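Novice: Dropping a prediction and its sequence here:
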Amino acid sequence: MKEGWEAVIGMEIHAQLATETKIFCGCATSFGHDPNSNTCPVCLGLPGALPVLNEMVVEYGAKAALALGLNINETSVFSRKNYFYPDLPKGYQISQYDKPFSSDGQLTIMTSERDESGRAVDWRPLTIHIIRMHLEEDAGKNVHEGLPETDKYSYIDLNRAGTPLGEIVTAPDFRSSWQAYDYVNHVRRVLQWVGASDADMEKGNLRCEANVSVRKIGQEEFNNKVELKNLNSVRFMQKAIEYEIERQIAAHEAGEGVAQETRLWDEKNNRTRVMRSKEDAHDYRYFPEPDLQPLVVTPEFIAQMKAEMPELPDAMRDRFIETYGLSFADASLIVGDKALAEYYEKTAQASGNPRTSANFILSELLRELNNSGKTAAASPVPAENLAALIKTLDAGKINNNQAKEVLVEMFASGRSAAEVISAKGFEQISDPAAIAAIIDEVINGNPNQVNAYRGGNDKLFGFFVGQVMKASQGKANPKIVNELLKSKL
Ligand code: ZN
Ligand code: MN
């Protein structure tokens, strides 16, 4: 960013809550069905149809709120947000306005700027204020077909109308595009982690908007902000914010000023462009939804939701660093996926070697998982089997390279470590009696060398080691061979 300027960024995320049915009716929320097949009089907005709140929305909403450090309000109120658009059958959206479901959250995320190659350079904590997360219904979808100059058709698919959303709004606490990027990824991960949302941007069940302005460092008041919409991925969002920061600084410096407007990210040309100006701003004429009671949650319900919360990824990362001596980078990678984190902890405990467990999982296992397009949850090598392999390695029965080769074969075949080791003939001979028998044979078979060694030719020791290894087909444990040879010679 140009010296002397700072960016001021606030984020709005719409996350689809993971319910099987819609927020106010029993229609399925599933993705990819025939247009308008998952609809009923309630979500079509037919006269006389009445909404009934889906209890699971409250449960997932509570878990999302707790995962984001928000306070759940005992009473919240649904309101009608009035506007006209073809995908909104009732002419209003049931949302929440002055009394949201949850509010006033403190959230600490890890964030870093990136170098030219996109690598994080300096991870550090950033605490931001989340103003609110309210509950609301989604609208339907307009589908446009055909070229403007030929016949053009527009369709409306109301399968998505009435899908439950949590709208998460932050204070303007971000100062760079990468902070906003790390925030969205943090939110996605914790929502998935607690099961509140699939948070899959490709399927549109996590959508984000950024409010961006710039000001001179030291200036207190905000300049006009631009709302960035239709950001289809976290990376596009970061690029759009970065572009917007530079554009606005240049406009201020040229004395042109910045118009308060909504802009889109133009992926083809790598720039933002105007979608609508402030003059189109809506007056939503909010008023309480008369067909729904205020939503009251009891302290017991909130306590129960808290009790059901899993350990969150950042807490787990810190515990792995503390308990298992992992580096920040390794622990962060491991908690990148909940199933992987659980897999790691099982392996570390069963093998008694947390360090080697992390090494094998992050290099060998992740490579095999990536190559086969599998997730840790579907690993053909269960954690117990990997732990058994690490124990065999630690006992000196196989070496590190053999262990890696064995793991690849375990992954491909689903067989246990012991089975693969014996099939490959990697099992070392560590039984002192068996090794002693081989040594006796070698000593008896080479009387001249024995005499020379005993006469002071120390260099011959290597010859005996070589003969014993050869006689055991390379399987004798070298440490035991050395010890026994010394005593017998
Ligand atoms: Zn319905
Ligand atoms: Mn909304």
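Specialist: Sure thing, it's come through. Ligands and ions are numbered 1, 2, ... in the order given.

Novice: what's across from the closest residue in space to P125 that isn't next to it in sequence in the sheet?
Specialist: Leaving aside its chain neighbours, P125 sits nearest to T108 (5.1 Å; criterion: Cβ to Cβ, 6 or more residues apart in numbering). Using the backbone N, CA and C atoms, a C-beta is placed for each residue, glycine as well. For T108, the beta-bridge partners under DSSP bridges are T127.

Novice: Look up the pLDDT of T108 for me, please.
Specialist: You'll see T108 listed with a pLDDT of 97.

Novice: Which strands and helices lie in contact with the strand or helix carrying S487?
Specialist: Using DSSP states H and E, S487 falls within helix 478-488. Judged by 3 or more Cβ pairs under 8 Å, 6 or more residues apart in numbering; DSSP states H and E, helix 478-488 is in contact with helix 432-445, helix 461-471.

Novice: Tabulate those helices (JSON lines), appending mean pLDDT.
Specialist: Shown next, in JSON lines, are those (pLDDT from 0 to 100):
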{"stretch": "helix 432-445", "mean pLDDT": "90"}
{"stretch": "helix 461-471", "mean pLDDT": "90"}
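
Novice: Tell me where the longest helix sits in this protein.
Specialist: Determined from DSSP state H, the single longest helix within the chain is helix 234-253.

Novice: And that helix, how far out from the chain middle?
Specialist: Put simply, helix 234-253 sits 26 Å off its chain's centre (Cα atoms, centre = their mean, to the nearest Å).

Novice: Dump that helix to PDB, keeping only the CA atoms.
Specialist: Taking C-alpha atoms only, helix 234-253 is exported to PDB below (Å, rounded to 0.1, in the frame of the first residue of the first chain):
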ATOM      1  CA  VAL A 234     -11.600 -15.900  -1.200                       C
ATOM      2  CA  ARG A 235      -8.800 -15.200  -3.600                       C
ATOM      3  CA  PHE A 236     -10.900 -13.100  -6.000                       C
ATOM      4  CA  MET A 237     -12.100 -11.200  -2.900                       C
ATOM      5  CA  GLN A 238      -8.500 -10.500  -1.900                       C
ATOM      6  CA  LYS A 239      -7.600  -9.300  -5.400                       C
ATOM      7  CA  ALA A 240     -10.700  -7.100  -5.600                       C
ATOM      8  CA  ILE A 241      -9.900  -5.500  -2.300                       C
ATOM      9  CA  GLU A 242      -6.300  -4.900  -3.300                       C
ATOM     10  CA  TYR A 243      -7.400  -3.400  -6.600                       C
ATOM     11  CA  GLU A 244      -9.900  -1.200  -4.800                       C
ATOM     12  CA  ILE A 245      -7.400   0.100  -2.300                       C
ATOM     13  CA  GLU A 246      -5.000   1.200  -5.100                       C
ATOM     14  CA  ARG A 247      -7.800   2.700  -7.100                       C
ATOM     15  CA  GLN A 248      -9.200   4.700  -4.200                       C
ATOM     16  CA  ILE A 249      -5.800   6.100  -3.200                       C
ATOM     17  CA  ALA A 250      -5.100   7.200  -6.700                       C
ATOM     18  CA  ALA A 251      -8.600   8.800  -6.900                       C
ATOM     19  CA  HIS A 252      -8.000  10.700  -3.700                       C
ATOM     20  CA  GLU A 253      -4.600  11.900  -4.700                       C
END
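
Novice: what sits up against that helix?
Specialist: Outside helix 234-253, the residues that touch it by Cβ atoms under 8 Å, 6 or more residues apart in numbering are 1-2, 5, 7, 9, 177-178, 180-181, 184-185, 188, 201, 208, 210, 212-214, 223, 226, 228, 231, 257-258, 263, 265, 267, 270-272.

Novice: just how off-centre is the helix or strand M133 falls within within its chain?
Specialist: Taking DSSP H and E as the definition, M133 sits inside strand 124-137. Distance of strand 124-137 from its chain centroid, counting by Cα atoms, centre = their mean, is 17 Å.

Novice: Kindly provide the whole-number mean pLDDT of it.
Specialist: Mean pLDDT, strand 124-137: 98.

Novice: How about the most centrally placed residue in the chain: what's its closest non-neighbour residue?
Specialist: The centre of the chain sits closest to R189, judged by Cα atoms, centre = their mean, with a distance of 3.9 Å. Distance criterion Cβ to Cβ, 6+ apart; nearest residue to R189, sequence neighbours excluded, is P313 at 6.0 Å.

Novice: Show me what residue of the stretch 151-300 of the chain gets nearest to ligand 1.
Specialist: Of all residues in the stretch 151-300 of the chain, G162 sits closest to ligand 1, at 5.5 Å by Cβ to the ion.

Novice: residues contacting that residue?
Specialist: Neighbouring residues of G162 by Cβ under 8 Å, 6+ apart: 22-25, 27, 42-43, 137-138.

Novice: one more time with 6 Å
Specialist: Shown in contact with G162 (Cβ atoms under 6 Å, 6 or more residues apart in numbering): 22-25, 43, 137.

Novice: do D182 as well
Specialist: 109, 111.

Novice: Can you get me a residue count around the closest residue in space to E441 that isn't next to it in sequence?
Specialist: Among residues not flanking E441 along the chain, A471 sits closest, at 6.5 Å (Cβ to Cβ, 6+ apart). For A471, the neighbour count with other Cβ atoms under 10 Å is 17.

Novice: close enough to count as contact, A471 and A437?
Specialist: No - taking contacts as Cβ atoms under 6 Å, A471 lies outside contact range of A437: 9.8 Å.

Novice: Which residues does the strand holding M133 contact?
Specialist: Under Cβ under 6 Å, 6+ apart, the answer for strand 124-137 is 23, 61, 65, 68, 70, 94-96, 100-103, 105-111, 162, 165-171, 173.

Novice: Quick one: buried ones out of these?
Specialist: With neighbours counted using 16 or more other Cβ atoms under 10 Å, these contain these buried positions: 23, 61, 65, 68, 70, 94-96, 100-103, 105, 107, 109-111, 162, 165-170, 173.

Novice: mind listing which of those are in helices?
Specialist: Those of those lying in helices (DSSP H): 61, 65.

Novice: Quick check: chain neighbours aside, which residue is closest to D87?
Specialist: Closest residue in space to D87, ignoring its immediate chain neighbours: G140 at 3.9 Å, by Cβ to Cβ, 6+ apart.

Novice: ok, which stretches of the stretch 201-350 of the chain are helices?
Specialist: Counting by DSSP state H, counting those that start in this stretch, the stretch 201-350 of the chain has helices at residues 234-253, 299-308, 313-324, 328-334, 338-351.

Novice: list the buried ones in the shortest one?
Specialist: When you say that, I think you mean helix 328-334. Residues of helix 328-334 classed as buried: 330-334 (neighbour count, 16+ other Cβ under 10 Å).

Novice: Cross-check those against ligand 1 and keep the overlap.
Specialist: Among the buried residues of helix 328-334, no residue is within reach of ligand 1 (Cβ under 5 Å from the ion).

Novice: Among these, which one lies nearest to R319?
Specialist: Lowest distance from R319 to the buried residues of helix 328-334 (Cβ to Cβ) belongs to A331, with 8.7 Å.

Novice: so what's the closest one scoring on pLDDT?
Specialist: So A331 comes in at 96 (pLDDT).

Novice: which parts of the chain sit against ligand 1?
Specialist: By Cβ under 5 Å from the ion, the residues of the chain that approach ligand 1 are 25, 27, 40, 42-43.

Novice: Report the buried members of the residues you listed.
Specialist: With neighbours counted by 16+ other Cβ under 10 Å, the residues of the chain next to ligand 1 contain buried members at 25, 27, 42-43.

Novice: Touching, A64 and A196? I think so.
Specialist: Yes - using Cβ under 6 Å, A64 is in contact with A196, at 3.9 Å.
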